[in-house]
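J.: okay, predicted coordinates and the sequence, questions at the end:
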Amino acid sequence: MKYIFLVLIFFVSGVMPALGATTASVKNAGFAPAIIWYSKDSFFAGDKVRVYTIVFNGSVYTIAGSVEFLDNGKVIDSTNFSLSGGGHVRDVWVDWVPALGSHAISARIVNAIFTDAKGVKQTLALESVESSASERVVGQNPNRIIESAKATSSSESGSQIVGAITQAVETVNNAIPVPVKMSVVGSANTVEKFRANEAAHFRAERENQTRILDALNMPVSTSTATSSAHAKTAGITEKPFAYFLFFLYAGLQYFFQWQILFYGLSLYVIYRLTASIVRRVRNRNRGY
């Protein structure tokens, strides 16, 4: 009996701490999420972010060169590398301060060389020289907005009202759980990415329609009356539709390009739909 009692004590002392242990959930760790990754995620406009990628060398030679990091096709910065063969990898990075808006971050290898068996450096043509793009929509940091409002409240007239608003915003911001804030930021980034992509899409469509209209408006040089009549008939039937598409794409580009118009009209539509649903529910409850 005494032996069983000692075994139970040992079991409880060993198992209970294990049951009480907690597992920490760490984001932005583990395997690299993509060919481009960041020192922190998420980030806001004005933050100092380190952008990473990885260089692989599965050949038998030692290779060297430079890696350029690009933002929307423009070079942010570059860094040099040297990597021995046999399947080795190396992470390279540059520092970046993102601005507000949409970004497509990519990397490419330039000035690549390799050292042959005799120790001679030669120009190298790589099969894979450019990475896929990592698309991000960068917003404002809510904490910076609060700090800016505090600074404004201390220097402008009506500081009491501004201070009260700032305090209310700060209280709400602190009361919202971090997962909820991250979810809201993620949803806002998704909507903003959709808006930016659609604006670029309709801009490309409008430019394509411009080229079509230029082609239709060009004088047609024909050798026979039949071909001239056919070209004239085609122009009469195609031009109105081409102009219609041009103005349609231009209008849609304008709508998606201007944030105040896109979000203002979207919020108005949501408001009208919500008001209509509430009105119908009230009428149904009243028996109308």
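T.: Great, that's in hand.
J.: tell me which helix or strand comes right after the lowest-mean-pLDDT helix or strand in the chain.
T.: Here the helix or strand of the chain ranked lowest by mean pLDDT, DSSP states H and E is helix 2-20, holding a mean of 46. The helix or strand immediately downstream of helix 2-20 is strand 37-38, counting by DSSP states H and E.
J.: I63 contacts V89, correct?
T.: No. When contacts are counted by C-beta atoms under 8 Å, I63 is not listed as touching V89 (12.0 Å). Where C-beta positions appear, they are placed from N, C-alpha and C, glycine not excepted.
J.: now for the two: what residues contact both?
T.: 57, 83 (C-beta atoms under 8 Å, 6 or more residues apart in numbering).
J.: more neighbours, those two?
T.: When I63 and V89 are compared for neighbours, I63 comes out ahead with 21 against 10, by other C-beta atoms under 10 Å.
J.: which residues sit against the helix or strand where the more buried one lies?
T.: Take DSSP H and E as the rule and I63 turns out to sit in strand 62-71. Strand 62-71 is contacted from outside by 51, 53, 55, 57, 75-85, 92, 94, 96, 98, 103-115, 121, 124, using C-beta under 8 Å, 6+ apart.
J.: now with 6 Å, please.
T.: Residues outside strand 62-71 that contact it (C-beta atoms under 6 Å, 6 or more residues apart in numbering): 51, 57, 75-80, 82-84, 92, 94, 103, 105-115.
J.: show me what the residue lying closest to E192 once chain neighbours are set aside bridges to in the sheet.
T.: Counting by C-beta to C-beta, 6 or more residues apart in numbering, E192 lies nearest to V137, which is 4.3 Å off, once chain neighbours are set aside. Beta-bridge pairing for V137 (DSSP bridges): S102.
J.: state the distance from V137 to F44.
T.: According to C-beta to C-beta, to the nearest Å, V137 stands 11 Å off from F44.
J.: more neighbours, these two?
T.: Counting neighbours by other C-beta under 10 Å for V137 and for F44 shows that V137 has the greater number, 20 against 17.
J.: ChimeraX command to pick out the buried ones of the contacts of strand 62-71?
T.: Typed into ChimeraX, the line below selects the buried ones among the contacts of strand 62-71, using 16 or more other C-beta atoms under 10 Å:
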select :51,57,76,78,83,92,94,103,105,106,107,108,109,112,114,115
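J.: what about V269, neighbour count?
T.: If we define neighbours as other C-beta under 10 Å, then V269 has 10 of them.
J.: so it versus V278, what's the distance?
T.: Counting by C-beta to C-beta, the gap from V269 to V278 is 15 Å.
J.: same check on F43?
T.: Here the criterion is C-beta to C-beta. By it, F43 lies 38 Å from V278.
J.: between the two, who's got more neighbours?
T.: Between F43 and V278, counting by other C-beta under 10 Å, F43 is the more crowded of the two (18 against 10).
J.: wait, doesn't that one sit right on W37?
T.: No. Contact criterion C-beta atoms under 6 Å: F43 and W37 do not qualify, at 11.9 Å.
J.: can you pull out the low-pLDDT segments for the stretch 51-200 of the chain?
T.: Along the stretch 51-200 of the chain, segments meeting pLDDT under 70 span 148-166, 168-170, 172-176, 178-186.
J.: strands of that one, start to end?
T.: Here the stretch 51-200 of the chain has its strands, by DSSP state E, counting those that start in this stretch, at 62-71, 74-83, 88-96, 101-115, 121-123, 134-138.
J.: dump the ones you listed into JSON lines; add distance to F256 as well.
T.: Formatted as JSON lines, the strands of the stretch 51-200 of the chain follow (distance: least, C-beta to C-beta, whole Å):
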{"stretch": "strand 62-71", "distance to F256": "21"}
{"stretch": "strand 74-83", "distance to F256": "22"}
{"stretch": "strand 88-96", "distance to F256": "26"}
{"stretch": "strand 101-115", "distance to F256": "12"}
{"stretch": "strand 121-123", "distance to F256": "44"}
{"stretch": "strand 134-138", "distance to F256": "14"}
